[in-house]
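Asks: after the sequence you'll find the predicted model.
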Amino acid sequence: QPGAASSRARTSGSNGGVANAHSVTLSSSWEPDLWGGVRRSVEAGVASARASGDDLAAARLSIQSSLVQNYVQLRAIDLQAALYANTVSAYQRSMKLVNSQYQQGVALRSDLALAENTLAAAEAQALDLRAQRSLLEHAIAVLAGQPPAKLAIAPLPIADGLRLTVPVAPAALPAQLLERRPDIAAAERRVAAANANIGVARAAWFPALSLSAAGGYSSSSIADLFNTPARVWSLGAALSQTLFDGGLRQAHSDEAVAAYDATVAAYKQTVLSAFQEVEDNLSTLATLDAEIAKQQQATAAARLAEQMSLKQYNAGTTTYLSVVTAQATALSSARSETTLLSRRLVASAALIAGLGGGWQAAAPSPSQ
């Protein structure tokens with residue numbers, strides 16, 4: 001550290017008088033990190049910075065997962081809208097048939113009322129699907145960083161169905177995959193930062209050593225300031241220790257230990273939650289596969305029952321109430337099937353997110 005000074009002073013006493021003093025010096029000091037306090041403080045800062053980076057990655061993964069799940073739900077609504085479009089067309093044909101029979105005196109007015117009610121209810125539910133689709137479309141736009149009014153997603157063609165696919169998870173997944181989850185990595189690095197802060201707090205209990213050196217020129221005359229006799233230098237060492245601080249250092253140590261215990265508990269909870277999330281989605285996928293197979297059988301049987309009841313009504317062997325019941329059952333069964341298909345896709349996407357984005361990339365190193 002360079003320095004320069006100039007002064008003029010009067011001294012007291014028998015030999016007192018006015019004297020000038022001029023000096024130019026260069027000094028430096030160094031406090032060696034004998035007890036590791038600075039080193040542990042750097043460790044804590046680096047770990048905290050990396051944990052913040054992991055938080056950003058976790059937020060990005062959460063947004064991506066929400067975006068995929070909303071998109072899957074939107075496509076499921078497209079499939080249900082196609083289902084209702086076909087259903088409304090079928091109900092319109094049925095109502096025309098009942099209306100014709102009523103005009104001829106063959107059908108009852110109650111049959112026509114049932115047909116009208118069934119058609120109107122299906123049309124109302126189709127309109128409600130439009131509202132749900134708009135909300136999901138707006139959510140996708142926001143997640144993609146666009147104004148809701150700027151994004152329009154075209155509906156899927158009716159013939160395409162719900163053909164979205166996701167990678168199939170292996171039968172056995174190693175637990176080490178969870179190490180790549182950014183929230184677990186962030187929790188682990190916060191534990192490392194808290195552990196380093198304990199070292200910082202404990203280093204304050206030991207004395208501090210300071211080494212200093214200074215050199216330069218000092219003279220009463222500026223003309224003689226840089227002459228050899230005006231040279232001055234000094235070397236020194238100082239050892240300092242706080243003897244009494246009213247319990248401040250002990251409080252800092254206790255605080256660091258308590259913070260460490262809290263981060264360890266948070267880390268354990270994060271890991272357990274990750275295991276639960278993965279196990280939940282694996283279990284859901286295994287159950288949904290069997291449930292979808294059964295629901296597809298139920299849908300096929302309901303459609304057959306709907307066709308048979310309509311034929312029986314045309315033949316005059318059953319009432320139109322049986323037709324309406326069969327139609328409602330077939331529609332409910334088909335809608336349940338589309339719901340299960342979308343749930344399977346959502347669970348698959350959630351499983352990928354629960355594993356940190358997949359199962360092929362290597363886990364991040366704590367030192368990275």
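Replies: Cool, got the structure. Numbers count the residues shown, from 1 in each chain.
Asks: sheet partners, orientation included, of the lowest-mean-pLDDT helix or strand in the chain?
Replies: Least confident helix or strand, the chain: strand 2-10 with a mean of 73, by mean pLDDT, DSSP states H and E. In the sheet containing strand 2-10, its partner strands are strand 18-30 (antiparallel), by DSSP bridges.
Asks: where do the helices of the stretch 1-150 of the chain begin and end?
Replies: Here the stretch 1-150 of the chain has its helices, by DSSP state H, counting those that start in this stretch, at 37-103, 109-143.
Asks: which among these is found nearest to N281?
Replies: N281 sits nearest to helix 37-103 of all the helices of the stretch 1-150 of the chain, at 11.3 Å, using Cβ to Cβ. Any C-beta I mention is one placed from the backbone N, CA and C, and that applies to glycine too.
Asks: next one: phi and psi at G216?
Replies: phi 170, psi -150 (degrees, to the nearest 10).
Asks: ok, it to S28 distance?
Replies: 12 Å (Cβ to Cβ, to the nearest Å).
Asks: can you name the element that comes right after the helix or strand harbouring R303?
Replies: For R303, the element it lies in under DSSP states H and E is helix 248-315. Once helix 248-315 ends, the next helix or strand along the chain (criterion: DSSP H and E) is helix 320-354.
Asks: OK, contacts around W233?
Replies: For W233, the contacting residues are A213, A214, G215, G216, by Cβ atoms under 8 Å, 6 or more residues apart in numbering.
Asks: can you tell me how far the second one is from R231?
Replies: When Cβ to Cβ is the yardstick, A214 and R231 sit 12 Å from each other.
Asks: between G216 and S28, which has more neighbouring residues?
Replies: More crowded of G216 and S28, by other Cβ atoms under 10 Å: G216, with 20 against 10.
Asks: so for the more buried one, what pLDDT did the model give?
Replies: As predicted, G216 sits at a pLDDT of 75.
Asks: now it: closest residue in space that isn't a chain neighbour?
Replies: Once flanking residues are discounted, G216 sits nearest to T25: 3.3 Å by Cβ to Cβ, 6 or more residues apart in numbering.
Asks: how much space separates the nearest residue to A193 once chain neighbours are set aside from T318?
Replies: The shortest distance from A193 to any non-neighbouring residue, by Cβ to Cβ, 6+ apart, is to A47 (3.8 Å). Counting by Cβ to Cβ, the gap from A47 to T318 is 74 Å.
Asks: the two: who's more crowded?
Replies: Legend: neighbour count by other Cβ under 10 Å for A47 and T318, higher for A47 (22 against 16).
Asks: which ones are touching the more buried one?
Replies: So A47 contacts R189, R190, A192, A193, A196 (Cβ under 8 Å, 6+ apart).
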